[in-house]
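Engineer: Predicted coordinates and the sequence they were generated for:
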Amino acid sequence: MPTSLFALDFQSILDQAVNPPNMASAPFPSPEDWRDRWIYFLMLDRFNNPSAAPAHNPFDDPNFSGFQGGKFSGVQQQLAYIKQLGAGAIWLSPVLKNFQFDPNTYHGYGIHNFIGAEPRFADNPAVADNELRALIDAAHQEDLLVIFDIVLNHTGNAFAYQCDASDSICISSQGAQASFHSSPQPVEWRDATGTARPDLPDVATIPNPSLDAVVWPSELQQNKFFRRQGLPDPNGDDTIGDFSILKQMMTDDPDVQRFLIRAYQYVIARFDIDGYRIDTLRYLKGDLARLFGNSMREFALSIGKKNFFTFGEVLDANSEQDIAKFIGRNTSDQSEMVGVDAALDYPLFNTLKPVVKGFSSPSAVVGMYQNRKNVEANILSSHGDATRFFVTFLDNHDMKERIRYVDPTNPTKFDDQVTLGLACLYSLPGIPCLYYGTEQGLHGAGSDPAVREALWGGPGFNEEDTFYQHIRQIAVVRAQQSALRYGRFYFRPLSGDGVTFGVSGFPQGVVAFSRILNDQEVVVAANTNLTQSQQVDVILEIMLSANGDAFEVLYSNQTGFQAPQPVRVIPQGTVTVHEVDGSIGTGPLHVIKVNLQPMEVQILRRSSTQ
């Protein structure tokens, strides 16, 4: 494993990627369009180990924060399971090396070696890099792309602070954390055992540092590259300061930027990956988000990956506006650089989930998209419209609550909410992302560990599970209906009386929208009411339908579903339509009457037999 960004063994990996010795060793090509490849996100330590049970029981203990024992080989063993579900890509939680002395970084976000694989995920730690590469090669054999979750903002718990007598946070954590200081503080770098050494105040002067200590590659071994100011100021910018015990780097330093970019270009070449999910994107300073996104894209292009995909995590109360600051390029900006391609769609998650659960009205989702249209009006990504490539989701490892809720008295009572939500997610604009275990009915809640269950120690990989089968059906519909991947997107006003149309403005209402591509219109209607059926008229594109046309149900999450009534024409002047943009219309309309059971979703299209 290289230790320097400019060593011969490092450079040779880059050179081989640019000029492969033969066709068999050429980098794996990018997909033509990432919207064809929905993503399966798994946590490496919590997914599978073919040779050992989870280290801790129960498999879903909400209070356990140690390693469970998942392996690269465990993911490789279940690639066919993921492929059969319908996924086109796998997003792996961070797999680069964390401190071996830290028993709690199973999640991988405490990276200290930015160019090497995590030994604890390997069957043979001495060849972890090779095992990780073997996993990615095997995924490519299954036509599954691989996305690495990466960190630019911070390293692991590489040093301890020398505590002020008045700093209770520092004293109680034994220097792992410190209160905010306005200037850099003296530190003690840790050795390979994790011991903070008073005799190691400056990483650059440590003789022959251990590969299990400090930070690698060696070019990053400068105190000045670390903020060393403790936790963020409670009354200041929350993006300036350490991330708990994870030590923040000075990401506005040109050398830090240059070294991190070169390291992650090497990772693309060494492991032949297809995309990056960038953790804590909004914390990056000095325009690093744009510089990094552009640099990864250009390097990938140079080795034949023409559509390398980058998306970032922007998680805060103002995420819609902040996402626009970090992705793509504002058309008013004169720079030729285009940054990170897209973002995790937290605004949609924050809006769609409560609608699916019946806590919010469908009009909330409509309002979110209207706001997005305004906020993102001047943002372009390398793909054009960045918002069409947002990675959408209903739960993940950070949200402390899976989408499935299990009622203690009736465990399956709310299961239809899961499939209703997923059918909407897979039909809305973006690249859907499924969190591992959703397809097996996992339902953790309350803490980070609670939603990071050791899957192989619980339900395992049952392809006959009801959720697995429903997700597979939804994925097939998405794959067969190009409108659901590329189509224009319209929310549809609906009506219970056939006279007054509008978007549902109350909780447990009906969500209705269309995706239109050329002459295809696919309609999605979802009844979020827990107990009541709904019969509503849904407006169609008037140029793509005719009186008497039949619509068929491509997917329903209910048995005994009813197909819509044939298209009927409503004359002009006989209705009032409250349009999504706030205007009022009076027809004429083409509508279908949709019959929905409680918590039923239907994906509909004009019958192919007509």
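Structural biologist: Happy to help now that I have it.
Engineer: what ranges do the helices span in the stretch 451-600 of the chain?
Structural biologist: Taking DSSP state H, counting those that start in this stretch, the helices of the stretch 451-600 of the chain run over residues 466-480, 483-486.
Engineer: so which of those helices gets nearest Asp33?
Structural biologist: helix 483-486 (7.5 Å; C-beta to C-beta). For the C-beta atoms, the positions are set from N, CA and C on the backbone; glycine is no exception.
Engineer: Tell me which other helices or strands that closest one touches.
Structural biologist: When contacts are defined as 3 or more C-beta pairs under 8 Å, 6 or more residues apart in numbering; DSSP states H and E, helix 483-486 packs onto helix 466-480, strand 510-517, strand 520-527.
Engineer: Among those, which comes closest to Thr351?
Structural biologist: So among those, strand 510-517 is nearest, using C-beta to C-beta, at 11.1 Å.
Engineer: May I have the closest one exported as PDB, CA atoms only?
Structural biologist: Below are the C-alpha coordinates for strand 510-517, written out as PDB (Å, rounded to 0.1, in the frame of the first residue of the first chain):
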ATOM      1  CA  VAL A 510     -54.500  11.400  -2.000                       C
ATOM      2  CA  VAL A 511     -51.200  12.100  -3.700                       C
ATOM      3  CA  ALA A 512     -51.500  12.100  -7.500                       C
ATOM      4  CA  PHE A 513     -48.900  13.000 -10.200                       C
ATOM      5  CA  SER A 514     -47.900  12.200 -13.800                       C
ATOM      6  CA  ARG A 515     -44.700  11.500 -15.500                       C
ATOM      7  CA  ILE A 516     -44.800  12.300 -19.200                       C
ATOM      8  CA  LEU A 517     -42.300  11.300 -21.900                       C
END
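Engineer: Show me what it pairs with in its sheet, parallel or antiparallel.
Structural biologist: strand 488-491 (antiparallel), strand 520-527 (antiparallel) (DSSP bridges).
Engineer: quick one: pLDDT of Pro429?
Structural biologist: In this prediction, Pro429 carries a pLDDT score of 95.
Engineer: thought Asp416 was touching Glu600?
Structural biologist: Yes. Between Asp416 and Glu600 a contact is recorded at 7.1 Å, counting by C-beta atoms under 8 Å.
Engineer: neighbour-wise, which of those two wins?
Structural biologist: Glu600 (26 against 19; other C-beta atoms under 10 Å).
Engineer: ok, the more buried one to Ala317 distance?
Structural biologist: Glu600 sits 33 Å away from Ala317 when distances are taken as C-beta to C-beta, to the nearest Å.
Engineer: ditto for Arg37
Structural biologist: For Arg37 relative to Ala317 (C-beta to C-beta), the value is 31 Å.
Engineer: Looking at these two, which is more packed in?
Structural biologist: Using other C-beta under 10 Å, the more surrounded residue of Arg37 and Ala317 is Arg37, with 22 against 7.
Engineer: Next, show the common contact partners of Asp416 and Glu600.
Structural biologist: 557-558 (C-beta atoms under 8 Å, 6 or more residues apart in numbering).
Engineer: Now Ala423. Nearest residue, chain neighbours left out?
Structural biologist: Spatially, and ignoring its direct neighbours in sequence, Ala423 is nearest to Val601 (4.3 Å; C-beta to C-beta, 6 or more residues apart in numbering).
Engineer: So what's the residue count around that neighbour?
Structural biologist: Neighbour tally, Val601, other C-beta under 10 Å: 29.
Engineer: what's across from it in the sheet?
Structural biologist: As for beta bridges, Val601 partners with Ala526 under DSSP bridges.
Engineer: any idea of the pLDDT on the closest residue to Thr387 other than its chain neighbours?
Structural biologist: Spatial nearest neighbour of Thr387, excluding adjacent residues (C-beta to C-beta, 6+ apart): Glu376 at 5.3 Å. Listed pLDDT for Glu376 reads 80.
Engineer: Now Glu376. Its backbone dihedrals?
Structural biologist: Main-chain dihedrals, Glu376, degrees, to the nearest 10: phi -100, psi 10.
Engineer: wait, doesn't it sit right on Phe389?
Structural biologist: No. Contact criterion C-beta under 8 Å: Glu376 and Phe389 do not qualify, at 11.6 Å.
Engineer: higher neighbour count, those two?
Structural biologist: Phe389 (24 against 21).
Engineer: State the phi and psi torsions of that one.
Structural biologist: Note on Phe389: backbone dihedrals following degrees, to the nearest 10 are phi -120, psi 10.
Engineer: List the contacts of it.
Structural biologist: Phe389 sits in contact with 34-35, 309, 311, 341-342, 381, 383, 430-431, where contact means C-beta under 8 Å, 6+ apart.
Engineer: Would you mind putting those residues into JSON lines with neighbour count and distance to Gln257 alongside?
Structural biologist: Listed next are these as JSON lines, based on neighbours: other C-beta atoms under 10 Å; distance: C-beta to C-beta, whole Å:
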{"residue": "Trp34", "neighbour count": "28", "distance to Gln257": "26"}
{"residue": "Arg35", "neighbour count": "20", "distance to Gln257": "31"}
{"residue": "Phe309", "neighbour count": "28", "distance to Gln257": "21"}
{"residue": "Phe311", "neighbour count": "29", "distance to Gln257": "20"}
{"residue": "Asp341", "neighbour count": "26", "distance to Gln257": "19"}
{"residue": "Ala342", "neighbour count": "27", "distance to Gln257": "21"}
{"residue": "Ser381", "neighbour count": "24", "distance to Gln257": "21"}
{"residue": "His383", "neighbour count": "18", "distance to Gln257": "24"}
{"residue": "Gly430", "neighbour count": "22", "distance to Gln257": "29"}
{"residue": "Ile431", "neighbour count": "24", "distance to Gln257": "27"}
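Engineer: from the residues you listed, which is closest to Leu85?
Structural biologist: Using C-beta to C-beta, those come closest to Leu85 at Ile431, 15.5 Å.
Engineer: hang on, isn't Asp519 packed against Leu544?
Structural biologist: Yes. Counting by C-beta under 8 Å, Asp519 does reach Leu544; the two are 6.0 Å apart.
Engineer: more neighbours, these two?
Structural biologist: Using other C-beta under 10 Å as the criterion, Asp519 and Leu544 rank with Leu544 on top: 15 against 10.
Engineer: Quick check: pLDDT value at the nearest residue to that one once chain neighbours are set aside.
Structural biologist: Excluding the flanking residues, the one nearest Leu544 by C-beta to C-beta, 6+ apart is Glu521, at 4.9 Å. The model reports Glu521 with a pLDDT of 98.
Engineer: May I ask which helix or strand encompasses Arg277?
Structural biologist: Element membership for Arg277 (DSSP states H and E) is strand 275-278.
Engineer: So which elements touch that strand?
Structural biologist: strand 145-150, helix 288-302, strand 309-312.
Engineer: okay, those in CSV with distance to Pro232 and mean pLDDT next?
Structural biologist: Output for the helices and strands packed on strand 275-278, formatted as CSV (distance: least, C-beta to C-beta, whole Å; pLDDT from 0 to 100):
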stretch, distance to Pro232, mean pLDDT
strand 145-150, 22, 98
helix 288-302, 18, 94
strand 309-312, 19, 94
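Engineer: Of these, which is nearest Tyr106?
Structural biologist: Taking the helices and strands packed on strand 275-278 one by one with C-beta to C-beta, strand 145-150 is closest: 13.3 Å.
Engineer: Past that closest one, which element shows up next along the chain?
Structural biologist: strand 154-155.
Engineer: So which residues make contact with the next helix or strand after that following strand?
Structural biologist: Sequence order places strand 159-161 as the next helix or strand after strand 154-155, per DSSP H and E. For strand 159-161, the surrounding residues in contact (C-beta under 8 Å, 6+ apart) are 167, 170, 174-178, 185-190, 196, 203, 226, 228, 230, 247.
Engineer: let's see it at 7 Å
Structural biologist: If you take C-beta atoms under 7 Å, 6 or more residues apart in numbering as the criterion, strand 159-161 is touched by 170, 174-176, 178, 185, 187-190, 196, 230, 247.
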